[in-house]
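[1] what follows is a predicted structure for the sequence shown.
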Amino acid sequence: MKEQLRLALLSALKQCYVDGSLTSGELPEEVQLEIPKNSDHGDFSTNLAMTLAKPEKMAPRKIAEALVAVLQGNPLCDKIEIAGPGFINFRLTATCWYDVLDQIFAQGCDYGHSTIGHGTKIQVEFVSANPTGPLHIGHGRGAVVGDAVAAVLQAAGFEVQREYYVNDAGNQVVTLGRSILLRLRELQGEKIDFPEDGYQAEYIVDLASKFRSEVGELNNLSEDEAIQSCARFGVTEILKWIEADLQKFGIKFDHWYSEKNLYDQGMVDRQLDELKQKGLSFEQDNALWLRTTAFGDDKDRVLIKSDGSYTYFASDVAYHMEKFDRGFNRVIDVWGADHHGYIPRMKAMLTGLGHPPEDLEVLLIQMVNLLRDGKPYIMGKRSGNFITLRDVIDEVGRDACRFFFLMRRCDSQLDFDLELAKQQSSDNPVYYVQYAHARVCSINRNAEEAGTKQLQPKDVDYSCLKLADELALVKQLARYPETIVGAALGYEPHRIVFYLQDLAAQFHSYYNRHRVLVDDPATTQARLCLANAVRIVLANALRLLGLSAPERM
RNA sequence: GCGCCAGUAGCUCAGUUGGAUAGAGCAACGGACUUCUAAUCCGUAGGCCGAGGGUUCGAAUCCUUCCUGGCGCGCCA
């Protein structure tokens, strides 16, 4: 709809140049068409005349007049007006809007999808929490946002892979192994002094006892072997929890990528060699450094420490290069905002290795402040006192929890008060949206009980939908596809949430003002179509965000 | 000290990437269920868009300087 109008405008402009009413010959790279806030200003509005004022050296309103003279009589438009400093406002014909309903019924659950991504391969890597403990609320936010971003990109025609990077190599895994081993010895009756830097939490004891019953005791192994064995066991078990938690949240990854595997395959060393060959790394103080300052970072970064062990940055370099080797055109990392300091070094590394830095997009997820009764709940893996993501899902509910995380743009902080989330559950916005969906289903049931058979859209007279409320609703439905495109290109799934709330509000309002099932059969049929078009779009958007669309509530 | 993110109604936040008179939800107040589900709707009230300066036809949005809050600034992860 918008596109057709855009084309009409462009050809009108060309026509003006041909007939000489405009002279600059300037063609804007983009004709901006927006939906005015105030519906008195029409369905669409363009500032084209204003942007041409300078090259054309003419008053905007004069330019607008020239354009409108050509556009007058366009079949799409009911009314074209010049307003304010030089806006051109368009009101489209009702029939033109009714086409949207046909599109919705024809496309069904695909309505809203587009091909704007042209199959570009994008990988979204998210959560990637260390397998040393259960997921907490902050991971939950990253999980939901990452999942929704991936879904929205898919809907916009990108080819998307969801990946979880498993940090199963490195220090924290050794710490995990040692912690389990110590608890195991404790279970065997030894008196141990649990170190400060071990993982203190209760689940370590559970793991130790599970280890004892499934694997046995480790008296024959050396200390290192025992730690290794405990670590492997711990990582496997914890990954099972994580996967189960995510599944409970409705999130499924296409691929789990092991850091350890990266080392085992020699990919880290190969990548370090390449850096050396390209002269990007250097040795100093017995360590190997990457010269990231050459590409905008404020200091150089260590790849191999002076004790010979690798930093995380080393494997991150190899990992990210490997992503591009796998054929992704663009790579998205979803990180906690506390890692934002890593972005310059990652971009520097990419630039050094010949990738445009825009190929990596990092989405920073701001902190979640977990509260209970208004009091902050301190989270820390080592403190031993935390509420897991699973606890939250169980307490608040999956839909409400997901919705809550998606309601805000991800770069603003979020207060998550458990008591509030529960208390509000009866008037939680997610139910508001779902209720709209359930209402349409209920209308359908009533129609069926009353013996009203719903006609095929082609047999329905849409011109019965002449109320302002009805046209406004259709126009809102027409905006859904572009909402997805905007959400995808900006990596902003929250836009879908706001769209859903707007659509639900408009429908609730309409429902309270007018009956769908009325005496006149033609009107009833048309309104049933409208209501069901709303239902389809609500269901599509809810599904996109991983939320359920209940048929009754 | 340097960097990143934020600052919009009493509270929580949107604001279509620079457009016309800045919006919604809670909270407050007043109304609507013999009518398709009241988990709903209608109405009232609420603003120096943190502050100053700049860019232009036009700024909550862009540039700049401050102020406030959060987070980073390791051969930690």
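    That came through fine. Residues are numbered from 1 along each chain as shown, chains lettered A, B, ... in the order given.
[2] which residue, neighbours along the chain excluded, lies closest to the residue nearest to the spatial centre of chain A?
    Nearest to the geometric centre of chain A sits residue A:149, at 2.2 Å (CA atoms, centre = their mean). Take residue A:149 and drop its neighbours on the chain: the residue closest to it by CB to CB, 6 or more residues apart in numbering is residue A:491, 5.2 Å away. Backbone N, C-alpha and C define where each C-beta goes, glycine included.
[3] check residue A:370 too.
    Closest residue to residue A:370 apart from its sequence neighbours, by CB to CB, 6+ apart: residue A:377 at 4.3 Å.
[4] that neighbour against residue A:388, yeah?
    No. Using CB atoms under 8 Å, residue A:377 is not in contact with residue A:388; the gap is 11.8 Å.
[5] these two - which one has more neighbours?
    Between residue A:377 and residue A:388, counting by other CB atoms under 10 Å, residue A:388 is the more crowded of the two (19 against 16).
[6] tell me what the more buried one is bridged to.
    When bridges are called by DSSP bridges, residue A:388 pairs up with residue A:136.
[7] could you give the number of residues near the closest residue in space to residue A:480 that isn't next to it in sequence?
    Closest residue to residue A:480 apart from its sequence neighbours, by CB to CB, 6+ apart: residue A:112 at 4.7 Å. For residue A:112, the tally of surrounding residues (other CB under 10 Å) stands at 24.
[8] now swap in residue A:247 and tell me
    Residue A:247 has 11 neighbours, counted by other CB under 10 Å.
[9] and the gap between it and residue A:238?
    Separation of residue A:247 from residue A:238 (CB to CB, to the nearest Å): 15 Å.
[10] and the longest helix anywhere in chain A, what does it pack onto?
    Longest helix in chain A, counting residues (DSSP state H): helix A:223-248. When contacts are defined as 3 or more CB pairs under 8 Å, 6 or more residues apart in numbering; DSSP states H and E, helix A:223-248 packs onto helix A:171-187, helix A:202-214, helix A:389-396.
[11] please see if that helix touches RNA strand B.
    No. Helix A:223-248 stays clear of RNA strand B (CB under 7 Å from any atom of the strand), getting no nearer than 12.2 Å.
[12] can you give me the buried ones in the helix or strand following that helix?
    Heading C-terminal from helix A:223-248, the first helix or strand you meet, by DSSP states H and E, is strand A:255-258. By neighbour count on 16 or more other CB atoms under 10 Å, the buried set for strand A:255-258 is A:257, A:258.
[13] strand partners (parallel or antiparallel) of strand A:255-258?
    If you go by DSSP bridges, strand A:255-258 pairs up with strand A:159-166 (parallel).
[14] so what's the residue lying closest to residue A:64 once chain neighbours are set aside up against?
    Of all residues beyond its chain neighbours, the one nearest residue A:64 is residue A:49 (3.8 Å), with distances taken as CB to CB, 6+ apart. For residue A:49, the contact set (CB atoms under 8 Å, 6 or more residues apart in numbering) comprises A:60, A:61, A:63, A:64, A:67, A:82, A:86, A:87, A:88.
[15] ok, residue A:49 to RNA strand B distance?
    To RNA strand B, residue A:49 is 9 Å away according to CB to the nearest atom of the strand, to the nearest Å.
[16] assumed that residue was part of a helix.
    Yes. Counting by DSSP: H, G, I helix; E, B strand; the rest coil, residue A:49 is located in a helix.
[17] is the helix or strand bottoming out on mean pLDDT in chain A up against RNA strand B anywhere?
    Ranking every helix and strand in chain A by mean pLDDT, DSSP states H and E puts strand A:375-376 at the bottom, with a mean of 72. No. Taking CB under 7 Å from any atom of the strand as the criterion, strand A:375-376 and RNA strand B are apart, separated by no less than 10.4 Å.
[18] pretty sure residue A:415 belongs to a helix, no?
    No. Counting by three-state DSSP, residue A:415 falls outside a helix, being strand.
[19] and for residue A:13, the neighbour number?
    Residues lying near residue A:13 (other CB under 10 Å) number 24.
[20] surely it is in contact with residue A:22?
    Yes. Residue A:13 is within contact range of residue A:22, at 7.3 Å (criterion: CB under 8 Å).
[21] which residues do the two both contact?
    Listed as contacting both residue A:13 and residue A:22 by CB under 8 Å, 6+ apart are residue A:67.
[22] residues contacting residue A:375?
    Residues near residue A:375 by CB under 8 Å, 6+ apart: none.
[23] could you measure from it over to residue A:9?
    Distance, residue A:375 to residue A:9, by CB to CB: 57 Å.
[24] up against RNA strand B, what does the stretch 351-500 of chain A have?
    A:364, A:366-367, A:407-409, A:411-415, A:426-427, A:429, A:431-432, A:435, A:438-439, A:441-443, A:445-446, A:486, A:489-490, A:492, A:494-495, A:498.
[25] what mean pLDDT does stretch A:249-261 get?
    The average pLDDT for stretch A:249-261 rounds to 96.
[26] could you export that stretch as PDB, CA atoms only?
    C-alpha atoms of stretch A:249-261 as PDB (Å, rounded to 0.1, in the frame of the first residue of the first chain):
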ATOM      1  CA  PHE A 249      11.000 -20.900  28.300                       C
ATOM      2  CA  GLY A 250      10.300 -22.000  24.800                       C
ATOM      3  CA  ILE A 251      13.800 -21.500  23.500                       C
ATOM      4  CA  LYS A 252      15.600 -23.900  21.300                       C
ATOM      5  CA  PHE A 253      19.000 -23.500  19.900                       C
ATOM      6  CA  ASP A 254      20.000 -24.700  16.400                       C
ATOM      7  CA  HIS A 255      23.600 -25.200  17.500                       C
ATOM      8  CA  TRP A 256      25.700 -25.500  20.700                       C
ATOM      9  CA  TYR A 257      29.300 -24.600  20.000                       C
ATOM     10  CA  SER A 258      32.000 -25.800  22.300                       C
ATOM     11  CA  GLU A 259      34.900 -23.700  23.100                       C
ATOM     12  CA  LYS A 260      36.900 -26.700  24.100                       C
ATOM     13  CA  ASN A 261      36.300 -28.100  20.700                       C
END
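[27] secondary structure class for residue A:124?
    strand.
[28] run a quick neighbour tally on it.
    Neighbour count for residue A:124, taken as other CB under 10 Å: 29.
[29] and chain A, what are its domains?
    Using automatic domain parsing, the domain ranges for chain A come out as A:2-92, A:108-115+A:428-544, A:121-166+A:252-365.
[30] re earlier: can I get the contacts of residue A:49 in a markdown table including neighbour count, secondary structure and pLDDT?
    Listed next are the contacts of residue A:49 as a markdown table, based on neighbours: other CB atoms under 10 Å; DSSP: H, G, I helix; E, B strand; the rest coil; pLDDT from 0 to 100:
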| residue | neighbour count | secondary structure | pLDDT |
| --- | --- | --- | --- |
| A:60 | 22 | helix | 83 |
| A:61 | 17 | helix | 86 |
| A:63 | 25 | helix | 87 |
| A:64 | 27 | helix | 89 |
| A:67 | 24 | helix | 89 |
| A:82 | 18 | strand | 90 |
| A:86 | 21 | coil | 86 |
| A:87 | 21 | strand | 90 |
| A:88 | 27 | strand | 91 |
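[31] which of these sits closest to residue A:392?
    residue A:87 (47.9 Å; CB to CB).
[32] that closest one reaches residue A:44, doesn't it?
    No. Counting by CB under 8 Å, residue A:87 does not reach residue A:44; the two are 10.3 Å apart.
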